[in-house]
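Asker: Fold the following, please.
(2 chains)
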Amino acid sequence: MKRPTAPDSNTPKAEKRSLTTLVCLCICVAFAAFLALHAFLFLVVPDKAMSENENRTLQQKPKLTLSAVADGSFMKKYETYLTDQFPGRDGLISMHSFFATLTGRREENGVLLGRRGFLFERQTPLNEELLQKTTDAINDFLGQHRHAQAAMILAPNSSYVLKKYLPYHIRMDDQKAQLSQVKAKLSGEKFSWISVLKSYEKVEDPTTLYYRTDHHWTTDAALRAFLALSGKWELGAKEKHFTVAAVSDRFSGTLAASYGDRKLRDVLKVCIPNKSEGTYAVHYESQNKTAPSVFDRTKLDQKNQYEVFLGGNFDKIVIQTLSQTEDTLLLFKDSYANCLIPMLTPYFSKIVIIDPRYFSDSLQNITDDNDFTHILFVYNLNTFLADKSLAGVLAS
Amino acid sequence: MLFSSATFLFVFLPVVLLFYFVPFFRHEPKLEITKKNAVLCLASLVFYAWGEPVYILLMLISIYFNYNIGLDLQTPVRNPKRRKTVFVCAVVFNLFVLGFFKYYPFAVDNLNRLFSMEIKAANISLPIGISFYTFQILSYVIDVYRGKCRAQRSLLSFATYITMFPQLIAGPIVQYGDIERQLTGRRIGIRKFSAGVLFFVRGLGKKVLFANTIGAVYTEITARDVSSLGLVTAWFGILCYTLQIYFDFSGYSDMAIGLGKMFGFDFVQNFNFPYTASSIKDFWSRWHISLSAWFRDYVYIPLGGNRKGTARTIVNLLIVWSLTGLWHGAAWNFVAWGAYYGVLLILEKYVFGSLVEKLPLWARRVLTMLIVIVGWVFFSAETFGGAAKYLGAMVGFGGLWDGDTWYLLMSNLFPFAVMTCSALGYFRKFPKLRNANVRLALQAVGYAAVLALCVVSLVSDTYNPFLYFRF
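Answerer: Numbering: from 1, shown residues only, chains lettered A, B, ... in the order given. The predicted model follows:
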């Protein structure tokens, strides 16, 4: 190609034709080599069992049997096998999201890429009927436990709080209005609504409230909400009673994994109460396991480091503390609560944590055995509006 | 098996090419071409069985039956009446098979509605490509009957013609007469192969990089509540669909033509920049050319075409176009889509054609595209109601803008613009160089990049994060 070619008129026709044949030959050889190279790589590159980025097992080579061929399952599995085990698959996927971003695209697998590297999930639309059902169940439950102090921490999502970082100013629902709507539906004598948005107001830099790569709020944001709760419940907690410490600067959350790894990293922090009254025991009933800490250090070596808080999500966790108080707490929550729970430990002698999405036992058994002085709900709006399990658990 | 799959590209195709091109009978060209046909035929059967392990039997029976019909029709005519009976039976049989597998559930559904009956339709899945290969068989049977071609004496060659995997699933519909000679002798060479590679990669790019990308935008838009779709969003959505269907279909045709060339065959061109058409008639001479040609040769002209007076021509056009619609799918919206073109072609021919001709070219092209785009609304909607709703959004029932309009436009503007230019043929002679060899080399480099991007895109499509998002 770089060889200087003489002007057309001077080139003899035969030479020109042979040059064309040469170019054609190059095309044929390149194409054949391309096919052969890939076929060869398939043969030599060893198969993988798991895709860590996708959190799923990969298709293995299917067995060739007559029945599997007849019903077509062999062919389907074989096609999946080839793409799942494609040589250099992870690299190609990163490359794809890079090219897609270059063309102006800002969404992959339902995750939006905003400015300054912020990733957002799309919001759950508000379903009146579902919301009414959930709030009715909460009101009924609080009616049955009138003596207990109750509160709800319902966190807005980053797509609302950090909306100026959304790509191309995509319009999302007004979560402030949705929060007011939820608030208006809840009632109870000793019920307090914790306004998370208000607790955020004093924060200078709102980007510290949410992760770039994960759909959770940060520990800093949870601390704001907790201090607001402490005010309502007169727990006497102050910011200086807690130490917020970074435990990882390589945190890459679920949003990053869904978007296709973009090499973005967040700092993951934990919040430790300074005056922790000695030790406590964390009991995972369904796992039949007791741990001495609300943190699971081993999870920092794994892909999803957010599981450092309580080791992930479980149906029921009971925390016994040595705090000198008679107060006990019943907590209904989604994963937003996980980073907030350590802050609660100095103020209660016992905390029973229910995650309704996994909980299949009867709640009655728990409330009969314990006389809780406090009841708390901790959710984020996206999960709460989609939740179909809380109402059932509260009625059980 | 799709052409745009890793299985096809990196397992099936290399193996087939290897067996096809490694010469077994170096000094006996006749044997060698038989071997090549055998490889191709066997590969096609595997290709078909890969997606339809059961229906391969149906296809084999069909091939054997029609092979014998062909021979029978070819034998010297002693009894023209019997010959005609054989011919009619063969056509009816082939149409019955197509009708049964493709239209049986649709027919039962309509009967039930019409007479409020409750016949339960057996759950029959549609054999892939049956619309295409039935039409090819019909073209063969009819042409032999008419004496336009001679019957194929070799079962292998006949089976190769019907099953040939490059065009088996989505066309182009190859008429027997166009390919008869190539079955027994064809030039296979470096130039043709390289042209085939370029065709194939271009088609792959159209399908994977263009159609899939822009199709996702259309899917995203129609996933929303259509009644609250803003006018701009609705138009953007149907324009995306317009691009998707063109690149998808013409991409597939290009891949078929390219693969055909690699094996030494020359198939007819199937698309010729249809979105640059200046009239509806022009559009249909550029869109899915092999199908229009089939209907012209085997339905419209036998019906009398335009030689039997205006009234008959109008009826013929309506028949042909309703059938064309029905061929695309067993549902009323396809019939409506076909009839829509039938009516418009009649109007163009007898009413407004002469008026429109006075308009400048750009106005005629815009007008044609408007008609085509509105046609796609009927084509893409699953029901009449759905089509009506979407048309409502396109005239502004859901307002001018909606919340997502700006985001959708901005995040897809670049690919949309590139694809539009490509569909309108602006890149047709790119790069503009006088030296044909340099141009070819540059094109090859470009296509290499396209191929690489296709692989990136194909693999990423399977990225399937299994994450507990809501937790």
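Asker: Can you name the residue of the stretch 301-450 of chain B nearest chain A?
Answerer: Distances between the stretch 301-450 of chain B and chain A by Cβ to the nearest Cβ are smallest at B:Gly403, namely 3.5 Å. The C-beta positions use only the backbone N, C-alpha and C, and glycine is treated the same way.
Asker: who's in contact with A:Val23?
Answerer: B:194, B:437, B:440-441, B:444 (Cβ atoms under 8 Å, 6 or more residues apart in numbering or on different chains).
Asker: Quick check: the farthest pair among these?
Answerer: Within the contacts of A:Val23, B:Ser194 and B:Asn437 form the most distant pair, 12.3 Å apart (Cβ to Cβ).
Asker: So between these two, which is more surrounded?
Answerer: B:Ser194 (25 against 20; other Cβ atoms under 10 Å in any protein chain shown).
Asker: Send me the helix or strand that one falls within as CSV with only the CA atoms.
Answerer: If you go by DSSP states H and E, B:Ser194 is part of helix B:190-205. Only the C-alpha atoms of helix B:190-205 are listed here, as CSV (Å, rounded to 0.1, in the frame of the first residue of the first chain):
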residue,chain,number,x,y,z
ILE,B,190,-9.2,-15.5,-5.5
ARG,B,191,-10.9,-12.4,-6.9
LYS,B,192,-14.4,-13.8,-6.4
PHE,B,193,-13.5,-15.1,-3.0
SER,B,194,-12.1,-11.8,-1.8
ALA,B,195,-15.2,-10.0,-3.2
GLY,B,196,-17.3,-12.5,-1.2
VAL,B,197,-15.3,-11.7,1.9
LEU,B,198,-15.9,-8.0,1.5
PHE,B,199,-19.6,-8.5,0.8
PHE,B,200,-19.9,-10.8,3.8
VAL,B,201,-18.1,-8.5,6.2
ARG,B,202,-20.2,-5.6,5.0
GLY,B,203,-23.3,-7.5,5.7
LEU,B,204,-22.1,-8.6,9.1
GLY,B,205,-21.4,-5.0,10.0
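Asker: For it, give the mean pLDDT please.
Answerer: The pLDDT scores in helix B:190-205 average 93.
Asker: Run the contact check for stretch B:431-445 versus chain A.
Answerer: Yes - using Cβ under 8 Å from any Cβ of the partner chain, stretch B:431-445 reaches chain A at B:434-438, B:440-442, B:444.
Asker: okay, those residues in JSON lines with distance to A:Ser18, pLDDT and secondary structure next?
Answerer: Formatted as JSON lines, the residues of stretch B:431-445 next to chain A follow (distance: Cβ to Cβ, whole Å; pLDDT from 0 to 100; DSSP: H, G, I helix; E, B strand; the rest coil):
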{"residue": "B:Arg434", "distance to A:Ser18": "19", "pLDDT": "79", "secondary structure": "coil"}
{"residue": "B:Asn435", "distance to A:Ser18": "15", "pLDDT": "82", "secondary structure": "coil"}
{"residue": "B:Ala436", "distance to A:Ser18": "13", "pLDDT": "82", "secondary structure": "helix"}
{"residue": "B:Asn437", "distance to A:Ser18": "10", "pLDDT": "83", "secondary structure": "helix"}
{"residue": "B:Val438", "distance to A:Ser18": "15", "pLDDT": "86", "secondary structure": "helix"}
{"residue": "B:Leu440", "distance to A:Ser18": "13", "pLDDT": "86", "secondary structure": "helix"}
{"residue": "B:Ala441", "distance to A:Ser18": "14", "pLDDT": "88", "secondary structure": "helix"}
{"residue": "B:Leu442", "distance to A:Ser18": "19", "pLDDT": "88", "secondary structure": "helix"}
{"residue": "B:Ala444", "distance to A:Ser18": "17", "pLDDT": "89", "secondary structure": "helix"}
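Asker: Filter those down to the buried ones and express that as a PyMOL selection.
Answerer: The buried subset of the residues of stretch B:431-445 next to chain A, as determined by 16 or more other Cβ atoms under 10 Å in any protein chain shown, is captured in PyMOL by this line:
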select buried, chain B and resi 435+437+438+440+441+444
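Asker: Now flag whichever of the residues of stretch B:431-445 next to chain A is closest to B:Leu370.
Answerer: Closest to B:Leu370 out of the residues of stretch B:431-445 next to chain A is B:Leu442 (36.6 Å), distances taken as Cβ to Cβ.
Asker: Could you measure from A:Thr345 over to B:Pro53?
Answerer: 61 Å (Cβ to Cβ, to the nearest Å).
Asker: Looking only at neighbour counts, state which of these two leads.
Answerer: Using other Cβ under 10 Å as the criterion, A:Thr345 and B:Pro53 rank with A:Thr345 on top: 22 against 16.
Asker: check contacts around that one.
Answerer: A:273, A:276, A:280, A:294, A:319, A:321, A:323, A:351.
Asker: check contacts around B:Ser131.
Answerer: Taking Cβ under 8 Å, 6+ apart as the test, what B:Ser131 contacts is B:98, B:102, B:327.
Asker: Check the gap between the last one and B:Val377 for me.
Answerer: Read that as B:Trp327. According to Cβ to Cβ, B:Trp327 and B:Val377 sit 19 Å apart.
Asker: Now do the next helix or strand after the helix holding B:Ser194: everything it contacts.
Answerer: Using DSSP H and E, the helix or strand that follows helix B:190-205 in sequence is helix B:212-222. The contact list for helix B:212-222 (Cβ under 8 Å, 6+ apart) reads B:229, B:233-234, B:236-238, B:240-241, B:243-244, B:247-248, B:380, B:390, B:408, B:412, B:415-416, B:419, B:457, B:461.
Asker: Cheers, nothing more for now.
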